[in-house]
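Asks: Let's see this in three dimensions:
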Amino acid sequence: MTNPPKLGTLNDIFFNSVARGLARVMTCKRDGKWVDISSRELYSRVMAVASALHSWKIGRGERVAILSENRPEWQIADFACLMLGIVDVPIYSTLTAEQISYMLKNSGARLVFLSTAKQLEKVRKVAGETQIERIVMMDEQADGHVISFGALPMATPEAIAEIEQQAHNIVPSDLATIIYTSGTTGSPKGVMLTHGNIASNLHHTLTLFSPTSSDISISFLPLSHITARHVDYGYLQDGVTLAYCPFMDDLSQTIREIRPTFMVAVPRVYEKIYNGTLHALQGPRQQRMYRWALGIGSAHVAETLADEPPHGWRWLLADKLLFSHIRAAFGGRARAFISGGAPLGWDLAAWYAKVGICIYEGYGLTETSPVIALNIPGAHKLGTVGKPLPEVEVKLAADGELLVRGPNVFQGYWKLPEETANAFVDGWFRTGDIASIDSDGYITITDRKKDLIKTSGGKFIAPQPLETALKTNALIAQVVILGDRRKFPAVLIAPSFPVLEDWARQHSIGFSSRAELIRNSQIQALYEGIIEELNRRLAQFEKLKKILLVEDEFAVESGELTPSLKVKRRVINEKYRRQIEALYSEA
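Replies: Predicted structure coming up:
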């Protein structure tokens, strides 16, 4: 048995990936065609960028920003920084110029790598307020004030030798990156992660799924988020090919073309496939077939969760009629499905298990590099986020908050000593999540501590499980539970308008606008029925008494969602304050 490759710093990932000598380590679409990048090309391009950074006297401990969608140049810029001990600062490409300005100023970044003319326009608006000295653009750029990625000269042998020496001198305790939190409340905080923080986490995550160099995965979750970055590091470490999808709108097409063997996604992606399936099965005959197939699948859930292929002619028929079509939505050959970034929810996880797809749910935070717990083959319990990783310790505080300790826990918040101190208690990191731990060690996350709703009657309601359950309905795009310091809980719903409009047409409901549609009494009754179905499962104090339908679709660009697709509750409550007040006044 060969020894596993060394993994003490993120630079080891780069050297291990290059040492494999693969003809295709990455692939990306250019002019409509997929173009492969070999280990040799990755090495030479990283060295060219690192050599340029070195010639500009940007070195160990200094900060460089990366503002880009997912593409090979993102990873190349990242590795070039890491080689020299530079601390890189990833920035979401969806942020505004003002938000970008805050991160550039706060981090003290001297240089920014950016992707397109659109991102260049944002940076130019605020560059005078920052310490930015140089801009390097990934797209070709004729502007004399901006350096093009492709114009950087190849590194000389002497430069390469010096870069490699510096890279090998980096130690696990060296700061690797500052990742700004999404900022659901207040200003984003810069999370400081070392090489050792992230590397320690990678020892025990994707490797447990036995990836090989014949596997391929799509890099579409924003690399500015630690989950996506962690996943891509893991794949590069284990030889899996990365296929880059810069824009979420292109994901379906990319899945059809790439047909990934690994699928790592946030719950929203799994929700869309689920809702799309339900929407496609409208007729009575299709509904009967669906109920029959789901009944067959229910009898084989244990086999699916144990990663054993179900058998029997009924299963084979159900697979041919339905289950294979659902797998086809993921490309048809994925052998592992992983979910993270937000709660998947028991209902959704159970539905996928019934159709023969085992989704391994995990849990973590930016501050924990990110994985705290993960379901894995051979240790999987539906509805939980798995057991803690080896070397990661967990315990519950008196109020149920999950506390964590281990080598993956961050070093603190950049320039925020008081917030850093408040994030710990007796050396344990406060996750901010309410959880339970069963007798087998599996963790279940109930909700974010700060999101708990306390009614005026003193009852606490965890909104996240209710919201997750409602989002499995194809008619609902986004949902926010209301009721903090109110007499009763209510719900704000942003409908899935394509599905709702189809339903309205099928039921001969005329409308000229979304506002008119959601005011229709039949539509109101439709959503009241959905809520009533949920209420049957709830305690009396949890039952949702009122519904507010809104005509908007929540989006990152309009500010209702974080770049990692979490709802900004404070923004929603402020945006719809008048409607919410009217809702409770009427009651």
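Asks: Am I right that Pro260 falls within a strand?
Replies: No - per DSSP: H, G, I helix; E, B strand; the rest coil, Pro260 lies outside any strand segment and is coil.
Asks: Pro370 versus that one, what's the distance?
Replies: 21 Å (CB to CB, to the nearest Å). The way it works is simple: take the backbone N, C-alpha and C, and place the C-beta from them, glycine included.
Asks: so which strand or helix has the residue of the chain most remote from its centre?
Replies: Relative to the C-alpha centroid of the chain, counting by CA atoms, centre = their mean, Glu158 is the outermost residue, at 40.0 Å. According to DSSP states H and E, Glu158 maps onto helix 157-169.
Asks: next one: that helix to chain centre, how far?
Replies: 34 Å (CA atoms, centre = their mean, to the nearest Å).
Asks: Same check on stretch 403-410?
Replies: That offset, for stretch 403-410, works out to 20 Å (CA atoms, centre = their mean).
Asks: is it true that Val264 touches Ser219?
Replies: No - look at Val264 against Ser219 with CB atoms under 8 Å: they stay out of range, at 9.3 Å.
Asks: Just give the number of residues close to the nearest residue to Lys354 once chain neighbours are set aside.
Replies: Of all residues not flanking Lys354 in the chain, Gly297 sits nearest, at 3.8 Å (CB to CB, 6 or more residues apart in numbering). With neighbours defined by other CB atoms under 10 Å, the count for Gly297 comes to 24.
Asks: Next up, phi/psi of Gly297, please.
Replies: Per-residue torsions, Gly297: phi -60, psi -40 (degrees, to the nearest 10).
Asks: what's the distance between it and Tyr270?
Replies: Taking CB to CB, one finds Gly297 at 16 Å from Tyr270.
Asks: contacting residues around the strand of greatest length in the chain?
Replies: In the chain, assigned by DSSP state E, the strand with the most residues is strand 428-437. With CB atoms under 8 Å, 6 or more residues apart in numbering as the test, strand 428-437 has contacts from 365, 367-368, 372, 394-397, 399-405, 409-410, 422-424, 443-450, 452, 462.
Asks: mind listing which of those residues are in strands?
Replies: 372, 394-396, 401-405, 424, 443-448.
Asks: Need the pLDDT of Leu281.
Replies: Here, the pLDDT recorded for Leu281 equals 88.
Asks: okay, now it: neighbour count?
Replies: 17.
Asks: Of the ones in strands among the contacts of strand 428-437, which is the most crowded?
Replies: Ile372 (31 neighbours).
Asks: For it, give its distance to Pro211.
Replies: On the measure of CB to CB, Ile372 and Pro211 end up 21 Å apart.
Asks: Kindly report the same for Glu303.
Replies: Distance from Glu303 to Pro211, by CB to CB: 23 Å.
Asks: Ala397 too?
Replies: Ala397 is 36 Å from Pro211, by CB to CB.
Asks: now do Glu501
Replies: Taking CB to CB, one finds Glu501 at 42 Å from Pro211.
Asks: So for those two, which sits in the more crowded spot?
Replies: Pro211 (21 against 15).
Asks: in the stretch 51-200 of the chain, which spans are helices?
Replies: With DSSP state H, counting those that start in this stretch as the definition, the stretch 51-200 of the chain shows helices at residue ranges 72-83, 97-107, 117-126, 157-169, 195-202.
Asks: average model confidence for the last one?
Replies: Yep, that's helix 195-202 we're talking about. Helix 195-202 comes out at a mean pLDDT of 95.
Asks: Mind exporting the C-alpha coordinates of it to PDB?
Replies: Extracted in PDB, the C-alpha atoms of helix 195-202 (Å, rounded to 0.1, in the frame of the first residue of the first chain):
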ATOM      1  CA  HIS A 195      -2.900  26.600   6.000                       C
ATOM      2  CA  GLY A 196      -3.200  24.100   8.800                       C
ATOM      3  CA  ASN A 197      -6.800  24.900   9.500                       C
ATOM      4  CA  ILE A 198      -7.900  24.000   6.000                       C
ATOM      5  CA  ALA A 199      -5.500  21.200   5.500                       C
ATOM      6  CA  SER A 200      -6.400  19.400   8.700                       C
ATOM      7  CA  ASN A 201     -10.100  19.400   7.600                       C
ATOM      8  CA  LEU A 202      -9.200  18.000   4.100                       C
END
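Asks: How far off centre is it?
Replies: 18 Å.
Asks: same deal with stretch 289-302?
Replies: Distance, centroid of stretch 289-302 to centroid of chain: 30 Å (CA atoms, centre = their mean).
Asks: what angle sits between the helix holding Glu158 and helix 72-83?
Replies: 70 degrees (axes from the mean of the first three to the mean of the last three CA atoms, to 10 degrees).
Asks: Between Pro260 and Pro370, which has more neighbouring residues?
Replies: The residue with more neighbours, out of Pro260 and Pro370, is Pro370; 28 against 23, by other CB under 10 Å.
Asks: And for Thr455, the neighbour number?
Replies: Thr455 has 17 nearby residues by other CB under 10 Å.
Asks: which ones are touching the nearest residue to it once chain neighbours are set aside?
Replies: Nearest in space to Thr455, with sequence neighbours left out and distances taken as CB to CB, 6+ apart, is Gly483 at 5.7 Å. The neighbourhood of Gly483, defined by CB under 8 Å, 6+ apart, consists of Ile453, Thr455, Ile461, Pro489, Ala490.
Asks: Could you list everything the last one pairs with in the sheet?
Replies: Beta-bridge partners of Ala490, counted by DSSP bridges, are Leu482.
Asks: Please apply the same query to the third one.
Replies: Residues in a beta bridge with Ile461, per DSSP bridges, are Ile453.
Asks: I'd say it and Ile481 touch.
Replies: Yes - using CB under 8 Å, Ile461 is in contact with Ile481, at 7.1 Å.
Asks: what sits in contact with each of those two?
Replies: Counting by CB under 8 Å, 6+ apart, the residues touching both Ile461 and Ile481 are Ile453, Pro489.
Asks: From Val35, how far off is Ser210?
Replies: 28 Å.
Asks: And for Lys189?
Replies: On the measure of CB to CB, Lys189 and Val35 end up 38 Å apart.
Asks: Just the buried residues of the helix holding Glu158, please?
Replies: Ala159, Ile160, Glu162, Ile163, Gln166, Ala167 (16 or more other CB atoms under 10 Å).
Asks: Let me see the mean pLDDT of that helix.
Replies: In the prediction, helix 157-169 has an average pLDDT of 97.
Asks: In contact with the residue nearest to Lys546 when sequence neighbours are not counted, which residues?
Replies: Nearest residue to Lys546 in three dimensions, chain neighbours excluded: Ala490, at 3.9 Å (CB to CB, 6+ apart). Contacts for Ala490 were tallied using CB under 8 Å, 6+ apart; they are Ile481, Leu482, Gly483, Leu544, Lys545, Lys546, Ile547, Leu548, Ile580, Leu583, Tyr584.
Asks: before we move on, back to that, only the buried residues of the longest strand of the chain, if you could.
Replies: Of the residues in strand 428-437, those buried (16+ other CB under 10 Å) are Trp428, Phe429, Arg430, Thr431, Asp433, Ile434, Ala435, Ile437.
Asks: What's opposite the fifth one in the beta bridge?
Replies: By that I understand Asp433. Bridge pairing for Asp433 - DSSP bridges - gives Arg448.
Asks: Which pLDDT value belongs to it?
Replies: Reported pLDDT for Asp433: 92.
Asks: Could you do the second one as well?
Replies: Here, the pLDDT recorded for Phe429 equals 98.
Asks: how close does it get to Ala342?
Replies: 19 Å.
Asks: And for the third one?
Replies: Counting by CB to CB, the separation of Arg430 from Ala342 is 19 Å.
Asks: What of the first one?
Replies: Separation of Trp428 from Ala342 (CB to CB): 23 Å.
Asks: low-confidence ranges in this protein?
Replies: Applying pLDDT under 70 to the chain picks out residues 1-4, 142, 144, 182-186, 587.
Asks: okay, now the domains of it?
Replies: Residue ranges for the domains of the chain, per automatic domain parsing: 10-170+220-234, 264-449, 452-586.
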